[in-house]
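> quick check, what structure comes out for this input:
(chains A and B)
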There are 2 protein chains.
Amino acid sequence: MSSDSTPGLDRLFSPRSVAVVGASTNVDSAGHDYVRSLKEFEFPGPVYPINPKADEVAGYRAYPSLRAVPGEVDLVISCIPAGGVLDLIDDCREARVRFLHLFTGRFSETGDAEAAELEREIERRAAAAGVRILGPNGMGLYYPAAGVSFRPDLPRAAGHVAFLSQSGNNAVEVSLRGAARGLRFGKVANYGNGMDITPGEMLRYLADDAETAVIGAYVEGVPDGRGFFEGLQAAAARKPVIIHKAGRTRAGARSAASHTAALAGAAELWSTVIKQAGAIEARSQEQLLDLMLGASLLPRAKGRNVAAVGGGGGRSVQSADACEESGLEVVPLTTAVREQVRAKAPQLADWIGNPVDQSILAGSGLSSNGLLQMMLADDAYDLAIANVGEDWFLGRPDAEGRLRYACERLADIVNASAKPVAVVLGATETPIDWQRPIIDGVRDLMTARGLAIYPSVERAAWALGRLAPRA
Amino acid sequence: MSSDSTPGLDRLFSPRSVAVVGASTNVDSAGHDYVRSLKEFEFPGPVYPINPKADEVAGYRAYPSLRAVPGEVDLVISCIPAGGVLDLIDDCREARVRFLHLFTGRFSETGDAEAAELEREIERRAAAAGVRILGPNGMGLYYPAAGVSFRPDLPRAAGHVAFLSQSGNNAVEVSLRGAARGLRFGKVANYGNGMDITPGEMLRYLADDAETAVIGAYVEGVPDGRGFFEGLQAAAARKPVIIHKAGRTRAGARSAASHTAALAGAAELWSTVIKQAGAIEARSQEQLLDLMLGASLLPRAKGRNVAAVGGGGGRSVQSADACEESGLEVVPLTTAVREQVRAKAPQLADWIGNPVDQSILAGSGLSSNGLLQMMLADDAYDLAIANVGEDWFLGRPDAEGRLRYACERLADIVNASAKPVAVVLGATETPIDWQRPIIDGVRDLMTARGLAIYPSVERAAWALGRLAPRA
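From the prediction side, this is the model:
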């Protein structure tokens, strides 16, 4: 984290001190959650809950007003109703606060003219006071490295994936679901109505942020079209940027207006803009996560020639379809690999193909892991998909031991290769209770070893296809 | 189950007695699994393991040969190597066996000319002997109502969903994953190379089968083009039929040839054939399951006007996009519903829309369940999507209690309506261990109450869009 003199948004993401205005002793309120989040994340600087009626909130001494706080405040988080925000900005100016995050909502997004006018007045007042605003109508920041979070229960593990989200619930979902799949987050911001600090400004900032390796963004509309495009272009020139543009349809645009007062729409125009900037488009949260995972965990492929292994014959056929329909080239088994197979299992050498059908190998002394290793070592293949084929293992004696062994070995092979390998492991849900913790266990095992896991071969192939260089 | 005199495949699916040739005492073998499956499923008739070296297999008395079996045998399951099958057919003729299921593989699918010739000889010999063959190279039958299963660990619950699969691992995956989502299976068959009993014949049989309400099928290629089309047409005229055609691509067709010796390919032709027959096409296992679930658990929609509720603003925008992109009409909130909202929460009446953003309702006394109930009662809506919005609940105090309450109430509302409602609940995977059993718990709760649960709003909307009548 940088020094006081660093320009831009450093002090927003890494404040030295935080005040929460509207801090509450009610554990079922946002005014409590923000204070407790700082506690849970062991925020290293002073925390000042502002509440005229409480002595302390979540273990921190409370103050009756911002003016009563003894030290400097870099960031104020506001949980008070909309009507109190203009006075709060005066207090912020007085206290020389740099950043004000307005969790406070019910402004232009309500469609009410007075509420929209209040939002514009807040914008003018803040600009005059030199107070930068994140929000309103946004959950604000999740940046585990600096000890700030918009929810106390988010993962503490810190990483290099930044995420900007216009929507709060989407920011929570992406943070939780991404972490479950092994994404480690750096700077995450939910900016809501984006009144002052826009996604464009944040993209420009993240473009230069050495800590940020991959950027994802969920946008419904942008307040600053040109600024957004410039930020996107700057960021995409330096690191992978994935944009999930929602509000693509008539109904979606209508819904976006009542959510964050966004002017959405024009799906084709957006696709063109994203592509021209050099970023990658996602059309759902699943696609966004699938791409962020691949961009974050996998080395970049040198080409589009894919090896696929694992699972039985049906899975092999489906893998081939998924790869080819995702624009990957399913290169037939090379002579070099075929001769290696012939040396160990002559009867299979002219039968086995790419994708490798695991069930053909049964009893031969060869495994799909072994074939994967051979194919990754062969220049004919640029990238790979490894189906775990857990349904087969779960039907055998010592299912857990065999599955864990195969997954450990798979992790060894994948981690020893410089080529990207997407791993396919189905969802935890099985109708057989004892199987659930086994699947969770091997997923956790492989996630801990840094593997990129996809729940279906179609999603794995799609993500690889979007991330691999075009021929 | 029907009487002896019923024609067709009744005795295949409901044999009165079963012999397993190649039955084994090795618990890690198919020859053991088939016998143990009959045990676990409490098959009501005699079970005859055939093994010259064993006294018993999995608790049943073993016999040295099929000829030594004291009673009649309706179905023989073969786990012996390919070379022994011709003799086995002679034994079957002798013992007047009607159906022979050849789990035995390594025939034409190997690409070996001698193996392919042996397969043709088996076909001729069986036809002359009056023995009908299921397979070769297939796992055979899973029909819990009759106590037969190709794996001992599959769910015992019986239902009305039939599934035909060319691939064995795909049959296992669909059975397990379908059951986890609440599908209850009737007659499931993995027919492998489909030498004699073809998918076309089985479709004709299932068309007339009163117990079968929904049919799914996974095909790579079909041995009998015209027969398949006629069977498909007959079945689709009487019940929903979903076809997952794999081997659509060049690479997929190549892989299918080495898997089940299938002649695949010609994706567009297949799509046309499926559509002309009145069936529905799936292009992945996920799509197949999503459609089978909707066809099996949901009433048929009268039209395409959709209500969407639940989750925060981002989810609402994404729901609107997903619905419209799936060809559903997101009808704005009707005046009737809006006035009901006004009566309880006047400040929200002109703000709230369809999709219903749950976060707008916070503190109003209204919930997305309440709005869903109002919208389902309104003639303007034909079908609905309910997002559980579990990520929000999981961040609140008493998360489990509140989530369970909301899901119970949702089940009450959905089950009281004659309109189809797809429920969206994300995957079990969260990075927070204590949350996993809570999500599993509410999924189990809703599945037990017959709800159709989809892991994303995009998949829910897609399935509803494919199943709803065209305008």
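
> show me the shaky parts of the stretch 101-250 of chain A.
For the stretch 101-250 of chain A, no stretch has pLDDT under 70.

> which bits of it sit near chain B?
A:109-112, A:151, A:153, A:155, A:165-173, A:176-177, A:179-181, A:218, A:220, A:246-250 (Cβ under 8 Å from any Cβ of the partner chain). Using the backbone N, CA and C atoms, a C-beta is placed for each residue, glycine as well.

> may I have the host helix or strand of A:Ala320 exported as PDB, CA atoms only?
Element membership for A:Ala320 (DSSP states H and E) is helix A:313-325. Output of helix A:313-325 as PDB, limited to C-alpha atoms (Å, rounded to 0.1, in the frame of the first residue of the first chain):
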ATOM      1  CA  GLY A 313     -17.000 -42.600 -23.900                       C
ATOM      2  CA  GLY A 314     -20.100 -40.400 -23.700                       C
ATOM      3  CA  ARG A 315     -18.100 -37.700 -22.000                       C
ATOM      4  CA  SER A 316     -15.400 -38.000 -24.700                       C
ATOM      5  CA  VAL A 317     -17.900 -37.400 -27.400                       C
ATOM      6  CA  GLN A 318     -19.400 -34.500 -25.500                       C
ATOM      7  CA  SER A 319     -15.900 -33.100 -24.800                       C
ATOM      8  CA  ALA A 320     -15.100 -33.200 -28.500                       C
ATOM      9  CA  ASP A 321     -18.400 -31.400 -29.400                       C
ATOM     10  CA  ALA A 322     -17.900 -28.800 -26.700                       C
ATOM     11  CA  CYS A 323     -14.300 -28.100 -27.800                       C
ATOM     12  CA  GLU A 324     -15.000 -27.800 -31.500                       C
ATOM     13  CA  GLU A 325     -18.200 -25.700 -30.900                       C
END
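
> and that helix, how far from the chain's centre?
Its chain's C-alpha centre and that of helix A:313-325 lie 28 Å apart, by Cα atoms, centre = their mean, to the nearest Å.

> cool, stretch A:274-285 as well?
Put simply, stretch A:274-285 sits 14 Å off its chain's centre (Cα atoms, centre = their mean).

> buried residues, it. List them.
Along stretch A:274-285, these residues count as buried under the neighbour rule (16 or more other Cβ atoms under 10 Å in any protein chain shown): A:274, A:277, A:279-285.

> which of those sits closest to chain B?
If you rank these by distance to chain B using Cβ to the nearest Cβ, A:Ser284 comes first, at 4.8 Å.

> now do the closest one, the pLDDT please.
The model reports A:Ser284 with a pLDDT of 97.

> contacts only, for the closest residue to it other than its chain neighbours.
In space, and not counting its chain neighbours, A:Ser284 is closest to B:Glu458: 4.8 Å by Cβ to Cβ, 6 or more residues apart in numbering or on different chains. Contacts for B:Glu458 (Cβ atoms under 8 Å, 6 or more residues apart in numbering or on different chains) come out as A:284, A:286, B:318, B:322.

> and the second one, how far from chain B?
Relative to chain B, A:Glu286 is positioned 6 Å away (criterion: Cβ to the nearest Cβ, to the nearest Å).

> picking that back up, include secondary structure when you put the buried residues of stretch A:274-285 into TSV, please.
Listed next are the buried residues of stretch A:274-285 as TSV, based on DSSP: H, G, I helix; E, B strand; the rest coil:
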residue	secondary structure
A:Ile274	helix
A:Ala277	coil
A:Ala279	coil
A:Ile280	strand
A:Glu281	strand
A:Ala282	strand
A:Arg283	coil
A:Ser284	coil
A:Gln285	helix
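
> how about stretch A:397-415: buried residues?
A:399-400, A:403-404, A:406-407, A:410-411, A:413-414.

> restricted to helices, list these.
With DSSP state H as the criterion, helices contain A:399-400, A:403-404, A:406-407, A:410-411, A:413-414 from among the buried residues of stretch A:397-415.

> so for the helix holding A:Ala320, mean pLDDT?
Averaged across helix A:313-325, the pLDDT comes to 96.

> any bit of that helix sitting next to chain B?
Yes. Remark: helix A:313-325 sits within contact range of chain B at A:313-325, by Cβ under 8 Å from any Cβ.

> which one of the contacts of B:Glu458 sits closest to A:Leu366?
Of all the contacts of B:Glu458, A:Leu366 sits closest to A:Glu286, with 34.2 Å by Cβ to Cβ.

> neighbours of that closest one, just the number please.
Neighbourhood size, A:Glu286 [other Cβ atoms under 10 Å in any protein chain shown]: 23.

> contacting residues around it?
A:459, B:456, B:458.

> out of these, list just those in helices.
Checking the contacts of A:Glu286 against DSSP H, those in helices are A:459, B:458.

> got the domain ranges for chain A?
A:10-134, A:155-297, A:305-467 (automatic domain parsing).
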